[in-house]
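J.: let me see the structure of the following:
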Amino acid sequence: MGGQTGVEGALAGGGGAGAPVGGPAWTDCGDGFECATLRVPMAAGQPGKQVELAVIRLPAGGGPRIGSLVVNPGGPGISGVEYVRAARVVLGEKVRERFDIVGFDPRGVGRSAPVECLSDAELDTYLMSDGTPDSARERSALEGAARRFAEGCRRHSGGLLPHLGTADAARDLDLLRQALGERRLTYLGKSYGTLLGAVYAELYPGRVRAMVLDGAMDPGASRLRLSVEHAVGFERALRAYAGECVAMAGCPFRSRTVNGALEEVSGLLRRTDKRPLRGDGRREVTQAVAVLGLLGPLHDRALWPELTEALRRAFKGDGALLLRNADQLTGRRDDGTYSGETAANLAVTCVDGAYPRTAAAYGRSAAVARERAPRFGASMVWASLPCAYWPHPPTLAAGPLTAKGAAPILVVGTVRDPATPYAWARRLAGRLESGVLLTYEGDGHTAYASGSRCVDEAVEEYLVAGVVPEDGAVCPGIG
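T.: Numbering: from 1, shown residues only. Okay, here's the model as predicted:
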């Protein structure tokens, strides 16, 4: 790559490994897990002010130990610590036997200097607000809500805000590698975790032992283009769900055709835009909430029965299950508090990407998205509007990542992945100099440990033994 990439530019003067890091002081934190805190510089090349990162590991289970496998579940905003707490479910025995499974909350997430933007009550209001403006008044209200979100982040987390980007997290990941005593990194990243892994490999290609990127992001595309493609992915998943539903007894759609079922969903969303559904007695289910309630179970084929029941009730005016699904997606707890996922997700997204600075640009993209993804397109484009008012410039410029000189990097793409469309995996694998594409012909967001023995065996053989699948290999879908 000629010249300085956006990633390299973000770390100019501070792209090295940083100050030497000592091994973590592990303490028992229950159920066989060990926890520690890793202190890292807040800003590249400025060791004075530090951020404390929460780290967890599950020691290798008895086989000849290879080293540490660092995992990231995505988001951005999802806790890596909590993901490792579920390691016995989300990771195969073969890797748990041979590796210490290590996770961390990236800066701004979970217990690692969590970013704060709005109060819980304010976030309730923000998430319920109309995300598909149909008039000048509604557009003005949406712009005001986006400005308040960005201003809240600046007011409550101003010092941390410029240092929440993926390039910063990748530098932290290398410090974690050092602290673990690993000469090279073994890594499994899902969803947003694939972007973190790709950025790491770009910055430190010689320090990659093995890297699996499952449910790949595409670092080379513009941000609003990704929003449109993201919406198209969920539209495709909804179509696949509707096709299965209308062929089964008990399906809540009156129509027995896929297109008819999709139009019934559109009708439901139009009605909630005018008259919200009943919710939990305190909150109504607006159109924005209904969209979130549909998106949640579309991530995972195993959750399609829950979507069926939520739609059955919603068609009768009861939106409680849609509201529950929306809460799970946004990290809202039963007591009304939020986990911080929503704030962290937007903060990292905005500090990473070069978003347009005018609402008019979002309006144009939303119109395109509505054509390509009628049920989800416009709302997904408008969801990133706070980035138009972000108080700091982006730190991760769009551009291709090649990771020149890295060991083989396994990119796993699911053909009908709703959240990270398969085209992103193809593009990322093609751009990485050592990228190897493994295709899963199935449904759902990410493929490893999702029921495909073919995918699991390929991933685990690569991580454990370094056996790289043939580029372009295909695993059949299940069910």
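J.: low-confidence ranges, this structure, go.
T.: Across the chain, the ranges flagged by pLDDT under 70 are 1-22, 397-399, 479.
J.: what's the domain layout of it?
T.: Listed by automatic domain parsing, the domain ranges of the chain are 21-104+166-220+399-476, 116-164+224-398.
J.: out of these, which one sits most buried?
T.: domain 21-104+166-220+399-476 (a mean of 21; mean count of other CB atoms under 10 Å). Using the backbone N, CA and C atoms, a C-beta is placed for each residue, glycine as well.
J.: find the residue at the geometric middle of this structure.
T.: Relative to the mean C-alpha position of the chain, the nearest C-alpha, by CA atoms, centre = their mean, is the one of residue 75, at 2.7 Å.
J.: dump the domains of the chain into TSV; add distance to residue 110 as well.
T.: Formatted as TSV, these follow (distance: least, CB to CB, whole Å):
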stretch	distance to residue 110
domain 21-104+166-220+399-476	4
domain 116-164+224-398	7
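J.: could you look up the SS state of the residue nearest to the centre of the chain?
T.: Secondary structure state of residue 75, per DSSP: H, G, I helix; E, B strand; the rest coil, is coil.
J.: contact partners for it?
T.: With contact set as CB atoms under 8 Å, 6 or more residues apart in numbering, residue 75 has these partners: 109, 191-192, 341, 344-345, 348.
J.: mind putting the residues you listed in CSV, distance to residue 400 and secondary structure included?
T.: Formatted as CSV, the contacts of residue 75 follow (distance: CB to CB, whole Å; DSSP: H, G, I helix; E, B strand; the rest coil):
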residue, distance to residue 400, secondary structure
109, 27, strand
191, 20, coil
192, 18, helix
341, 29, helix
344, 26, helix
345, 24, helix
348, 20, helix
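J.: distance to residue 37 added to the residues you listed, as a markdown table?
T.: As requested, the contacts of residue 75 are arranged in a markdown table below (distance: CB to CB, whole Å):
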| residue | distance to residue 37 |
| --- | --- |
| 109 | 14 |
| 191 | 26 |
| 192 | 23 |
| 341 | 21 |
| 344 | 18 |
| 345 | 23 |
| 348 | 21 |
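J.: what pairs with residue 188 across the strands?
T.: Beta-bridge pairing for residue 188 (DSSP bridges): residue 71, residue 212.
J.: that one and residue 74 touch, don't they?
T.: No. Taking CB atoms under 8 Å as the definition, residue 188 is not a contact partner of residue 74, at 11.0 Å.
J.: just give the nearest non-adjacent residue to residue 110, would you?
T.: Nearest residue to residue 110, sequence neighbours excluded (CB to CB, 6 or more residues apart in numbering): residue 79, at 3.8 Å.
J.: and the strand ranked longest in the chain, which strands flank it?
T.: Taking DSSP state E as the criterion, the chain has its longest strand at strand 46-58. Looking at strand 46-58 with DSSP bridges, its partner strands are strand 34-43 (antiparallel), strand 99-104 (antiparallel).
J.: separation between the residue nearest to residue 110 and residue 56?
T.: 9 Å (CB to CB, to the nearest Å).
J.: repeat for residue 84
T.: 5 Å.
J.: mutual contacts of those two, please.
T.: In contact with both residue 84 and residue 56: 33, 102-103, using CB under 8 Å, 6+ apart.
J.: reformat those residues as JSON lines; add distance to residue 240.
T.: As requested, these are exported to JSON lines (distance: CB to CB, whole Å):
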{"residue": "33", "distance to residue 240": "37"}
{"residue": "102", "distance to residue 240": "35"}
{"residue": "103", "distance to residue 240": "31"}
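J.: which of these sits closest to residue 307?
T.: residue 103 (28.9 Å; CB to CB).
J.: quick one, what contacts that closest one?
T.: Per CB under 8 Å, 6+ apart, neighbours of residue 103: 55-57, 70-73, 79-81, 83-84.
J.: residue 466 reaches residue 210, doesn't it?
T.: Yes. Assessed by CB under 8 Å, residue 466 is found in contact with residue 210 at 6.4 Å.
J.: roughly how far is the longest strand of the chain from the heart of the chain?
T.: Strand 46-58 sits 21 Å away from the centroid of its parent chain (CA atoms, centre = their mean, to the nearest Å).
J.: please renumber the chain so that the first residue is 58 from this point on.
T.: Got it, first residue is 58 now, which makes that one strand 103-115.
J.: pull the CA atoms of it into PDB?
T.: The C-alpha trace of strand 103-115 is given here as PDB (Å, rounded to 0.1, in the frame of the first residue of the first chain):
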ATOM      1  CA  GLN A 103       1.500   9.400  26.100                       C
ATOM      2  CA  PRO A 104       2.000   6.900  28.900                       C
ATOM      3  CA  GLY A 105       1.000   9.400  31.700                       C
ATOM      4  CA  LYS A 106      -2.800   9.100  31.700                       C
ATOM      5  CA  GLN A 107      -4.000   5.500  31.700                       C
ATOM      6  CA  VAL A 108      -7.200   3.500  31.100                       C
ATOM      7  CA  GLU A 109      -7.900   0.300  33.100                       C
ATOM      8  CA  LEU A 110      -9.100  -2.600  31.100                       C
ATOM      9  CA  ALA A 111     -11.100  -5.500  32.600                       C
ATOM     10  CA  VAL A 112      -9.600  -8.900  31.500                       C
ATOM     11  CA  ILE A 113     -10.700 -12.500  32.200                       C
ATOM     12  CA  ARG A 114      -9.400 -15.900  31.300                       C
ATOM     13  CA  LEU A 115     -10.500 -19.500  31.500                       C
END
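J.: re the thing from before, need the contacts of residue 160 in JSON lines (columns: distance to residue 386).
T.: Compiled in JSON lines, the contacts of residue 160 are given as follows (distance: CB to CB, whole Å):
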{"residue": "112", "distance to residue 386": "26"}
{"residue": "113", "distance to residue 386": "24"}
{"residue": "114", "distance to residue 386": "28"}
{"residue": "127", "distance to residue 386": "25"}
{"residue": "128", "distance to residue 386": "21"}
{"residue": "129", "distance to residue 386": "19"}
{"residue": "130", "distance to residue 386": "14"}
{"residue": "136", "distance to residue 386": "15"}
{"residue": "137", "distance to residue 386": "18"}
{"residue": "138", "distance to residue 386": "20"}
{"residue": "140", "distance to residue 386": "16"}
{"residue": "141", "distance to residue 386": "21"}
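J.: what is the nearest of these to residue 473?
T.: When those are compared against residue 473 (criterion: CB to CB), the nearest one is residue 130, at 20.3 Å.
J.: now do the contacts for that closest one.
T.: Contact analysis of residue 130 by CB under 8 Å, 6+ apart lists 136-137, 140, 147, 160, 247-248, 250.
J.: could you do residue 263 as well?
T.: Counting by CB under 8 Å, 6+ apart, residue 263 has contacts 241, 462-463.
J.: next one: phi and psi at the residue nearest to residue 167?
T.: Per-residue torsions, residue 136: phi -70, psi 120 (degrees, to the nearest 10).
J.: the one 5 residues further on now?
T.: The phi and psi values for residue 141, taken as degrees, to the nearest 10, are phi -70, psi -30.
J.: chain neighbours aside, what residue packs nearest to it?
T.: residue 160 (3.5 Å).
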